[in-house]
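Asks: A predicted structure for the sequence below; I have some questions about it.
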Number of protein chains: 4
Amino acid sequence: MNILAIGDVVGSIGCNFLRSHLPAVKKMKGIDLVIANGENSADGNGLTPASVHHLFDSGVDVITSGNHSFRRRESYDLYDSCPALLRPANFPSSAPGKGFEVIDLGRIQVGVLNLIGVVYMESMESPFDAADRILSAGVPKITLVDFHAEATGEKRSLAYYLDGRVTAVFGTHTHVQTADETILPGGTGYLSDLGMTGPIQSVLGVKPELIIQKMRTKMPVRFDLADGDCRIDGAVFSIDEKTGKTISIERLQIL
Amino acid sequence: MNILAIGDVVGSIGCNFLRSHLPAVKKMKGIDLVIANGENSADGNGLTPASVHHLFDSGVDVITSGNHSFRRRESYDLYDSCPALLRPANFPSSAPGKGFEVIDLGRIQVGVLNLIGVVYMESMESPFDAADRILSAGVPKITLVDFHAEATGEKRSLAYYLDGRVTAVFGTHTHVQTADETILPGGTGYLSDLGMTGPIQSVLGVKPELIIQKMRTKMPVRFDLADGDCRIDGAVFSIDEKTGKTISIERLQIL
Amino acid sequence: MNILAIGDVVGSIGCNFLRSHLPAVKKMKGIDLVIANGENSADGNGLTPASVHHLFDSGVDVITSGNHSFRRRESYDLYDSCPALLRPANFPSSAPGKGFEVIDLGRIQVGVLNLIGVVYMESMESPFDAADRILSAGVPKITLVDFHAEATGEKRSLAYYLDGRVTAVFGTHTHVQTADETILPGGTGYLSDLGMTGPIQSVLGVKPELIIQKMRTKMPVRFDLADGDCRIDGAVFSIDEKTGKTISIERLQIL
Amino acid sequence: MNILAIGDVVGSIGCNFLRSHLPAVKKMKGIDLVIANGENSADGNGLTPASVHHLFDSGVDVITSGNHSFRRRESYDLYDSCPALLRPANFPSSAPGKGFEVIDLGRIQVGVLNLIGVVYMESMESPFDAADRILSAGVPKITLVDFHAEATGEKRSLAYYLDGRVTAVFGTHTHVQTADETILPGGTGYLSDLGMTGPIQSVLGVKPELIIQKMRTKMPVRFDLADGDCRIDGAVFSIDEKTGKTISIERLQIL
Ligand SMILES: [Fe+2]
Ligand SMILES: [Fe+2]
Ligand SMILES: [Fe+2]
Ligand SMILES: [Fe+2]
Ligand SMILES: [Fe+2]
Ligand SMILES: [Fe+2]
Ligand SMILES: [Fe+2]
Ligand SMILES: [Fe+2]
């Protein structure tokens, strides 16, 4: 089976671009399931009922998130009402929602696990421990992990730690796609970062001049999203349904 | 002309692999100049006279570095004696060496500027200010920048800031190649990270089990380099000598 | 002469408490000049025209600030129009205002220098370099430094670096007064942190339950100021006008 | 009863000074139990069998530690063999030793809990959660907490969180004593930091010129301990044995 994972969708501009291209991509690549990171899907960051429903209505099956999961108060109820909207599993247990869900595709079940890194980010339960906790409770043979993290060292470490125990580990958060897709020795597919879905001429989705201004002046700057042409960054994981291993990974950059 | 930039070369295993493949790569790709980040070229990290001379003898023309520039005391003199060994220009001026050099290729001159990031890294002179300072003093029409930095936001920002003012900006430090190569609107070639030259089955060059152990136990762990098959990560910037703009970028992963 | 330095004044509750007690303190301690850190003087953090004028009208002669200097857009003009309102001198030069001012007391002049730390804080010009830059341009014999910084190591280092070159170095930013007041070997008075002026039963001025909630849940929490009884934290530096050295330091905690 | 808590003892110079003064201090203040943070007690940082036994032989009853607990491999066995040597309880459970111990004084039992912060430090189990976990398992009526942490906000938050549930919370790690000793509303004694036991003319125990050199040059510098006169920083918590509450706190600075 083929699972498409899509990097952080940024704003309504990114959501709209995704909507207009996703059906064709799914058809062309024979996609059985779509996972997208939606933590920046609302204009102004975070996610809202509107942005979440827009993503689901566009053909996304599972929405993962990250450090911006709870930026918008109007999204909190969604985490409990939408089983396919995840926040990192290693957030405190008091947080709304959950970090793992099994999607029932009828003939097959797919687990999706969302974790967040702790290097250069806030302190949380160890993502290694959280993964152990959830995997030891039993997960489907086909289970993928969105590891929302900054440091390549932490990302690659977790992937090796889970190698042979999950189908694939892919990273999100940096908004830049990496080119290190690989099948690890134990059969787990891996890519350090899927990249971003949003405006091409941008710094992580934001107008470049605003981030430059912030970095140069150290003054508060409102981060307005860039406009212009968009891209979809993601990857297709082709999976052996009998073994739950990844057979191949194809990175996508749809301009 | 074609300039090959090579991501952080890790240890003698990485240096040896580079030596065995660089001549063929240079020939095949018609390379006029080779820049390599050597901050991890010594076994045990940093760089030494042996690792620096090994890289130069292998066909590297300019060695850049980063946060590990001064890890080894035996390397300090090298920065003053080897004009083509650079440390980030935005280190304090008291540091040995310099961050910018012009390489005279006879018919043409090429500037190489080494900068280091300040996001999730030590506080330094702003890389934006340092770039302005050096560019305003006058640089060759063809000038490339190795921006040794962690955060994709800082890397892309600096690239947009220098767009149209330098030939290319490429990143190093994360040891993972990114797939966002592009020609920015002003003609500057850009890639967020070149990647790493060293053992494939590794976390940034180190044995995965050691980094996992460190991350899980929070205990001190000696980071021994991995062994096994190696890779060279880098990119070829094809440059219009008349305009100093980048015409195309080809990412390389030589396994 | 006696100079009173007052730790971060928090909100209107802190400003009002300061106003009600400052005249008596000045009289009792024979204060010639009052310096107060005002970076949190506005309700909702930062400073505003109202909070700045309130502090000046209460008898504060010089207002210093820190990482919250520019949190409120309505304060930007103040930095240019009020000579005695300072922001850290090692902010980028593009920032409004300046970080050093000489106060003319008629018979004597007093320099006040505001610097910000770079350890566990944003990257800025080195506070060591900024201090050198400003001191080398010539400052009055009596010059005091508000070093707004987090790490005790950075604070004490800068104090030793400036020992004998300035009258006193005191820290702000942690909102907790330290008990390490001392005259350094070169005659410079030093205290790592002045503390806070604001509600006693609080975490840095904020209601404890809100910070606890933030730390435990990792969810966004609005930081409302605590109320109840207040305190003024500060220190009186008694200075030898002939030498510009500090003779003694008396820590104050006015409840 | 009176419990003396002593801030980070630095090197053999600090250990020796402590040894020469502790008997008199215990006698003069009527001390029933001595807790000292020993994470820097070995020359070269961390702790060793020699430094640990030196502290115990000097009259220290419980040794706590922190981010340097495991810097020296030769200390690992000590954590299992010495019941009164603690490392932070919120280290991963794989770490040697434990973070909580009950000291049996015959007529009364005293619990000592060691925790480490996660703000500006490595990610660990939440100290709030770890405290809940240990307190809910049952602790003596008299239980004190050494919270080894950097940020004043985190320190004060944990103290308010544990107010009424433990006898006292004191901080270590910054090596600078704070002046905010207080009895919180629920009866818990609190001081943000005990300070340091070691050479007075130093930056956290180290020769000032070395830390200055490190901060100014960003080059590696070996941190040799300072020498000269020493100090003991600590605090005496006077405790009501019937209620387990703190009656009063006296800060000590023995020069
Ligand atoms: Fe994102
Ligand atoms: Fe993110
Ligand atoms: Fe590197
Ligand atoms: Fe690096
Ligand atoms: Fe403040
Ligand atoms: Fe501050
Ligand atoms: Fe310490
Ligand atoms: Fe420490």
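Replies: Perfect, thanks for sending it. Ligands and ions are numbered 1, 2, ... in the order given.

Asks: going forward, measure contacts between C-alpha atoms and count neighbours the same way
Replies: Will do.

Asks: and for the residue in the stretch 151-255 of chain A that chain B sits nearest to, nearest residue in space, chain neighbours not counted?
Replies: Closest to chain B within the stretch 151-255 of chain A is A:Thr178: 3.8 Å, counting by Cα to the nearest Cα. Nearest non-adjacent residue to A:Thr178, counting by Cα to Cα, 6 or more residues apart in numbering or on different chains: B:Thr178, 3.8 Å away.

Asks: can you report how many residues lie near that neighbour?
Replies: The number of residues packed near B:Thr178 is 24, by other Cα atoms under 10 Å in any protein chain shown.

Asks: ditto for A:Gly205
Replies: Applying other Cα under 10 Å, I find that A:Gly205 has 27 neighbouring residues.

Asks: wait, what's in contact with it?
Replies: Contacts for A:Gly205 (Cα atoms under 8 Å, 6 or more residues apart in numbering or on different chains) come out as A:10, A:196, A:198-199, A:225-226.

Asks: so which of these wins on neighbours?
Replies: Counting by other Cα under 10 Å, top hit in those: A:Gly198 with 35 neighbours.

Asks: for the record, mean pLDDT for the helix or strand that contains that one?
Replies: Using DSSP states H and E, the element containing A:Gly198 is strand A:196-199. Strand A:196-199 carries an average pLDDT of 98.

Asks: what's that strand packed up against?
Replies: strand A:8-9, helix A:11-29, strand A:230-239 (3 or more Cα pairs under 8 Å, 6 or more residues apart in numbering or on different chains; DSSP states H and E).

Asks: ok, and what's touching that strand?
Replies: A:6-11, A:13-15, A:17-18, A:175-177, A:204-205, A:226-234.

Asks: quick check: closest non-adjacent residue to A:Leu78.
Replies: A:Pro49 (6.8 Å).

Asks: cool, and A:Phe170?
Replies: Nearest residue to A:Phe170, sequence neighbours excluded (Cα to Cα, 6+ apart): A:Leu191, at 4.8 Å.

Asks: quick one: residues contacting the one you found.
Replies: By Cα under 8 Å, 6+ apart, the contact set of A:Leu191 is A:169-171, A:178-182.

Asks: go again with 10 Å.
Replies: By Cα atoms under 10 Å, 6 or more residues apart in numbering or on different chains, the contact set of A:Leu191 is A:155-156, A:159, A:168-172, A:177-183, A:234-235, A:249-251.

Asks: which residue is nearest the centroid of chain A?
Replies: Nearest residue to the geometric centre of chain A (Cα atoms, centre = their mean): A:Asn37, 3.3 Å.

Asks: what's opposite that residue in the beta bridge?
Replies: A:Thr64 (DSSP bridges).

Asks: any figure for the gap between it and A:Asn67?
Replies: 11 Å (Cα to Cα, to the nearest Å).

Asks: between these two, what contacts are shared?
Replies: A:87, A:148, A:173.

Asks: pick the one among those residues closest to D:Asn45.
Replies: Among those, A:His148 lies closest to D:Asn45 (Cα to Cα), at 35.1 Å.

Asks: quick one, phi/psi of that closest one?
Replies: The phi/psi pair for A:His148 (degrees, to the nearest 10) reads phi -90, psi 100.

Asks: find me the pLDDT at the closest residue to A:Ala149 other than its chain neighbours, would you?
Replies: Nearest non-adjacent residue to A:Ala149, counting by Cα to Cα, 6+ apart: A:Gly117, 4.4 Å away. A:Gly117 is assigned a predicted lDDT (pLDDT) of 98.

Asks: can I assume A:Gly117 is in contact with A:His148?
Replies: Yes: at 6.1 Å, A:Gly117 and A:His148 qualify as touching, with contact defined as Cα atoms under 10 Å.

Asks: which residues do the two both contact?
Replies: A:66-67, A:88, A:155, A:171, A:173.

Asks: how about those residues in TSV, adding neighbour count?
Replies: TSV is the format used below for those (neighbours: other Cα atoms under 10 Å in any protein chain shown):
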residue	neighbour count
A:Gly66	27
A:Asn67	21
A:Pro88	27
A:Lys155	26
A:Gly171	31
A:His173	30
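
Asks: just those residues: which are in strands?
Replies: A:Gly171 (DSSP state E).

Asks: out of the shared contacts of A:Gly117 and A:His148, which touch chain C?
Replies: A:Asn67 (Cα under 10 Å from any Cα of the partner chain).

Asks: now, among the shared contacts of A:Asn37 and A:Asn67, which is nearest to ligand 8?
Replies: Using Cα to the ion, A:His148 comes nearest to ligand 8 of these, at 29.4 Å.

Asks: isn't A:Thr174 up against B:Gly153?
Replies: Yes: counting by Cα under 10 Å, B:Gly153 is a contact partner of A:Thr174 at 7.9 Å.

Asks: joint contacts of the two?
Replies: A:Leu204.

Asks: list the buried residues of whichever strand or helix holds A:Thr143.
Replies: Applying DSSP H and E as the criterion places A:Thr143 in strand A:142-148. For strand A:142-148, a neighbour-count test (16 or more other Cα atoms under 10 Å in any protein chain shown) marks A:142-148 as buried.

Asks: isn't the residue nearest to A:Leu78 up against A:Asp57?
Replies: No: taking contacts as Cα under 10 Å, A:Pro49 lies outside contact range of A:Asp57: 11.8 Å.

Asks: looking at the two now, which is surrounded by more residues?
Replies: A:Pro49 (15 against 11).
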